[in-house]
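1. structure, please.
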Amino acid sequence: MGRGRQKAKATRQARDMKYYSPATDLTALQRELGAAKRHTSDAFSDIPPEPDYSGYEDKYADQYDDDEDEGSRNVG
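-> Residues are numbered from 1 along each chain as shown. Predicted structure coming up:
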């Protein structure tokens, strides 16, 4: 097969794949998404909540302010 015919075949196959739209079963999709919502809350129920670190915010805020300014400077 010559390069021209090979390229034409590849182009046709790519176009077929790009514009291919299979029939979508919307009721099955709705069932699947509904089941995912129900299981999402159960999946994370055993993970403990993250501790509240807001009490340390004032204590360490000044220490890191200088680092942010240095990192944002253009070095060139």
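
2. what's the burial count for D16?
-> Number of residues near D16 (other C-beta atoms under 10 Å) recorded here: 9. C-beta here means a position set from N, CA and C on the backbone, and glycine is covered the same way.

3. quick one: mean pLDDT over whatever helix or strand it lives in.
-> Applying DSSP states H and E as the criterion places D16 in helix 3-19. Per-residue pLDDT over helix 3-19 has a mean of 93.

4. equivalent analysis for stretch 29-46, please.
-> Across stretch 29-46, pLDDT averages out at 73.

5. same deal with stretch 55-72?
-> Average pLDDT, stretch 55-72: 67.

6. show me where this structure has its helices.
-> Along the chain, the segments classed as helices by DSSP state H run 3-19, 26-43, 57-71.

7. from L29, how far out is G4?
-> Here the criterion is C-beta to C-beta, to the nearest Å. By it, G4 lies 42 Å from L29.
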